[in-house]
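Novice: Model the following, please.
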Amino acid sequence: MYPNRPLPPPQQPPARMSGSAITAFVLGLLSVLTSPLFGLCGLVPAMAALIGAYALRVTHVERLRGRALAMWGFWLGVVFFLISVFLLMLGVVGMKLEG
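Specialist: Down below sits the predicted model:
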């Protein structure tokens, strides 16, 4: 009926979700909760930032889903790591001023 009509492109399976992006996002959310705890002040946010940076690279190179989760995990990790370092420095300065 339509001889010059192009064929639709073959459908590809949906891309997989990046596990490292999900991990970065979960660690970013945990860094929000653990920022007042000085025992974990830098560990959880640092891991969120590092895994988030890795997940950004993996989602780009391997064309995986989850880039937004990786961005959120990375930025939450960076922000709360800086807040934790600031609070730690504030505590050290306060102890020096006190005596």
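Novice: how close does the residue most central in space within the chain sit to residue 32?
Specialist: The centre of the chain sits closest to residue 73, judged by C-alpha atoms, centre = their mean, with a distance of 1.8 Å. The gap separating residue 73 from residue 32 is 11 Å, by C-beta to C-beta, to the nearest Å. Yep, even glycine has a C-beta here, placed from its N, CA and C like the rest.
Novice: With residue 25 instead?
Specialist: For residue 25, the distance to residue 32 - C-beta to C-beta - is 11 Å.
Novice: Looking at the two, which is more packed in?
Specialist: residue 25 (24 against 16; other C-beta atoms under 10 Å).
Novice: Output the contacting helices and strands for the host helix or strand of that one.
Specialist: Per DSSP states H and E: residue 25 is located in helix 19-34. In terms of contacts (3 or more C-beta pairs under 8 Å, 6 or more residues apart in numbering; DSSP states H and E), helix 19-34 is packed against helix 43-61, helix 67-98.
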